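Peer 1: just to be clear, the model below is a prediction. Sequence and coordinates:
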Amino acid sequence: MTSPLSGTVALVTGASSGIGEQTAATLAELGADVVVAARRTDRLDALVDRITGNGGRALAVAADVTDEDQAVAAVGQAVERFGRLDTVVANAGVMLLGQIEGADTTEWRRMIELNTLGAMYTAHAALPHLLAAAEREPRQVADLVITSSVAGRQIRLGSGVYNASKHAIGAFAEALRMEVTERHVRVSLIEPGAVATELASHNRPEVQERMRARFEGVDRLQADDIARTIAFVVTSPRHMAVNEVLVRPTMQQE
């Protein structure tokens, strides 16, 4: 039986851990050739070994997508290696929480450059190839999936710039969707709530403590929950576009 994504190629950024890592493995299981991009090449190599060990094909690309040239190069390497690009998951991101007053603005730049501009650069570089894939067999549809957050919908105290970065990429995604949807390139925004990944670990200790207190007793989502959500989006039939998905733990109120 042919797998749903056989004959297609996927690029996943932020693939060295968490949601990106699991999404890449899941897309490979569904038959796609997968290009995994991130800065931590040792983790990418381990992921490629995992995929190829299960009979898939994968390529690791070292890339910091906050640098537009590197985002363009990652897309170029995917197309050069596998000949096309059908699915892009722009997943690279960082969450650095804290008050605006007295903030370390280098954290602001890091979030805007990665969460917003990095996804924009990746989308812009991939778009010509996605449009071309949407005109070709085997599926005649292509997908751009952008990982946002519940923070792209709901403002919280102590999360102002992270909120801003995710609201911005949501606006970008919707504008791009309207540009290309009639040409069968689907643009989808995935908005996870609390997920058990290393994302929170990049925060200062006092911020991590507040987060632990906030989610005490909450059974957090796993990376695989989001990967399976993305798989549903990109394997949906050609006439069906899932534009936005908010996924929270059952016990998360906000």
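Peer 2: Looks like it arrived, so ask away. Residues are numbered from 1 along each chain as shown.
Peer 1: so His239 lies in a strand, does it not?
Peer 2: No. If the criterion is DSSP: H, G, I helix; E, B strand; the rest coil, then His239 is coil and not within a strand.
Peer 1: I'd guessed Glu21 sits against Val48; true?
Peer 2: No. Taking contacts as Cβ atoms under 8 Å, Glu21 lies outside contact range of Val48: 11.0 Å. C-beta: built from backbone N, CA, C; applies to glycine.
Peer 1: hey, what's in contact with both of these two?
Peer 2: Val36 (Cβ atoms under 8 Å, 6 or more residues apart in numbering).
Peer 1: looking at the two, which is more packed in?
Peer 2: Neighbour count, other Cβ atoms under 10 Å: between Glu21 and Val48, Glu21 has more, with 24 against 21.
Peer 1: so that one belongs to a helix, correct?
Peer 2: Yes. Glu21: assigned to a helix according to three-state DSSP.
Peer 1: what's the local residue count around Leu157?
Peer 2: Neighbours of Leu157 (other Cβ under 10 Å): 8.
Peer 1: ramachandran coordinates for the residue nearest the centre of the chain?
Peer 2: Against the mean C-alpha coordinate of the chain, by Cα atoms, centre = their mean, the closest residue is Asn91 at 2.0 Å. Phi and psi for Asn91, reported as degrees, to the nearest 10, are phi -110, psi -20.
Peer 1: for the worst-scoring helix or strand of the chain on mean pLDDT, buried residues please.
Peer 2: Ranking every helix and strand in the chain by mean pLDDT, DSSP states H and E puts helix 205-214 at the bottom, with a mean of 76. Across helix 205-214, burial judged by 16 or more other Cβ atoms under 10 Å covers Val207, Met211.
Peer 1: check which element follows that helix along the chain.
Peer 2: helix 223-234 (DSSP states H and E).
Peer 1: I'd say the residue nearest to the centre of the chain and Ser17 touch.
Peer 2: No. Counting by Cβ under 8 Å, Asn91 does not reach Ser17; the two are 10.3 Å apart.
Peer 1: how many residues are close by Ser159?
Peer 2: 19.
Peer 1: the closest residue to it other than its chain neighbours: what's it in contact with?
Peer 2: Spatial nearest neighbour of Ser159, excluding adjacent residues (Cβ to Cβ, 6 or more residues apart in numbering): Leu97 at 5.4 Å. Going by Cβ under 8 Å, 6+ apart, Leu97 touches Gly158, Ser159, Tyr162, Asn203, Val207, Met211.
Peer 1: just checking, the fourth one touches Glu209?
Peer 2: Okay, so that is Asn203. No. Using Cβ under 8 Å, Asn203 is not in contact with Glu209; the gap is 9.4 Å.
Peer 1: rewinding a little: can you name the two of the contacts of Leu97 that sit furthest apart?
Peer 2: Comparing every pair within the contacts of Leu97 by Cβ to Cβ identifies Tyr162 and Met211 as the most remote, at 12.0 Å.
Peer 1: now the helices for the chain?
Peer 2: 18-29, 41-53, 68-82, 105-111, 119-133, 160-180, 205-214, 223-234 (DSSP state H).
Peer 1: in a markdown table: those, plus distance to Gln140.
Peer 2: Formatted as a markdown table, those follow (distance: least, Cβ to Cβ, whole Å):
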| stretch | distance to Gln140 |
| --- | --- |
| helix 18-29 | 18 |
| helix 41-53 | 25 |
| helix 68-82 | 18 |
| helix 105-111 | 36 |
| helix 119-133 | 9 |
| helix 160-180 | 14 |
| helix 205-214 | 43 |
| helix 223-234 | 14 |
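Peer 1: right, and the ones you listed - which one's nearest Asp143?
Peer 2: helix 223-234 (4.5 Å).
Peer 1: quick one: list the elements packing against the closest one.
Peer 2: helix 18-29, strand 142-147, strand 185-192, strand 244-247 (3 or more Cβ pairs under 8 Å, 6 or more residues apart in numbering; DSSP states H and E).
Peer 1: pull out the buried residues from it.
Peer 2: Neighbour count says helix 223-234 has Ala223, Asp225, Ile226, Ala227, Thr229, Ile230, Ala231, Val233, Val234 buried, by 16+ other Cβ under 10 Å.
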